[in-house]
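Peer 1: heads up, no residue letters with this:
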């Protein structure tokens, strides 16, 4: 049998990787088709706290534990939650190990990331996706956690949740939304509050249905070209970001457009672009950028949903069918996201 150079390198590489990661086989990497809802939370359940991205300090963990205990939950921390490796919360192998361990632990009913930062993209190849599908549970976070949420949904067809991290501000708005969805299993309609963070800017009027998909715009665009992103056909895409000059938002939306994603979606929501500046050079406004990229799509779209690096946060189920209404800025869950 004659094998060319590329085939030889590929076969050797896959064999080596499979040796290092036992579950990485052709069978285990076959994508599931049936969507799974994780079990709902109950008072008294144990939550697993992990640091899959940026590093945290003891005071951060203690504060987060108290906030979650106030919800009637017990806490188990990852073995490597306080590790440090440069700007990361430990090595890639250790951060991935904590996630895999939490999914395998039958006493842990849900997993919450301590914070975002950077690092989740690095560990996607080290996660045990068949294990996660076999032991479904809630995983919650936002910002850099976008990588985990999208990859786990895509590989496992497990509903994941874009919402507060453990170090978020656990105020009444955030807690109420989370409890309705994760504890009460309600198919709620998410609607902005009346505060300054809840002001809407409509791009296109209309209603649309589709699977809710998205997260942090910077992280999402950094995942393009990988095997960890879901398909975008007939989805409702939501994005958010922080600390980006407007030209970078323009660049990232252009990347989504050129990758063929924007012309597949049924609706578009830009949550909050916190501290996004015009920069020192002449610039378009964020509104102009959104008009340029989104308005020609002729799909329901708006800016200003309670999503992102803000104190009042929605909890959004990734992979669940929803219906949006741009006139009111509402996101209606068409089913309960937990079992």
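Peer 2: Nice, thanks for sending it over. This is a predicted model, so every value here is computed, not measured.
Peer 1: mind listing the strands for the protein?
Peer 2: 46-50, 74-77, 108-113, 138-141, 160-162, 189-190, 201-204, 207-216, 235-242, 267-274, 301-303, 316-318, 321-325, 330-333 (DSSP state E).
Peer 1: Average the pLDDT values over the fifth one and round to the nearest integer.
Peer 2: Mean per-residue pLDDT for strand 160-162: 98.
Peer 1: Residue 58: what's its closest spatial neighbour, skipping adjacent residues?
Peer 2: Closest residue to residue 58 apart from its sequence neighbours, by CB to CB, 6 or more residues apart in numbering: residue 82 at 6.5 Å. Every C-beta, even on glycine, is put in place using the N, C-alpha and C of the backbone.
Peer 1: I'd guessed that neighbour sits against residue 61; true?
Peer 2: Yes - taking CB atoms under 8 Å as the definition, residue 82 is a contact partner of residue 61 at 7.0 Å.
Peer 1: between these two, who's got more neighbours?
Peer 2: Taking neighbours as other CB atoms under 10 Å, residue 82 and residue 61 compare with residue 61 leading, 20 against 17.
Peer 1: how much space between that one and residue 132?
Peer 2: 24 Å (CB to CB, to the nearest Å).
Peer 1: Could you do residue 49 as well?
Peer 2: Taking CB to CB, one finds residue 49 at 17 Å from residue 132.
Peer 1: most centrally placed residue in this structure?
Peer 2: residue 146 (3.0 Å; CA atoms, centre = their mean).
Peer 1: Quick check: it touching residue 221?
Peer 2: No - with contact defined as CB under 8 Å, residue 146 does not count as touching residue 221 (10.4 Å).
Peer 1: For residue 313, give me phi and psi.
Peer 2: phi -130, psi 140 (degrees, to the nearest 10).
Peer 1: Verify the contact between it and residue 174 for me.
Peer 2: Yes - shown here, residue 313 and residue 174 form a contact pair, counting by CB under 8 Å, at 4.8 Å.
Peer 1: quick one: common contacting residues for the two?
Peer 2: In the contact map built from CB atoms under 8 Å, 6 or more residues apart in numbering, the residues linked to both residue 313 and residue 174 are 163-164, 168.
Peer 1: Okay, now the unreliable bits of the stretch 51-200 of the chain?
Peer 2: 195-198 (pLDDT under 70).
Peer 1: Which stretches in it count as helices?
Peer 2: Taking DSSP state H, counting those that start in this stretch as the test, the helices found in the stretch 51-200 of the chain are 58-69, 92-104, 120-123, 129-134, 146-156, 172-178.
Peer 1: Give the buried residues for the first one.
Peer 2: So the one you mean is helix 58-69. Within helix 58-69, the residues scored as buried using 16 or more other CB atoms under 10 Å are 60-61, 64-65, 67-68.
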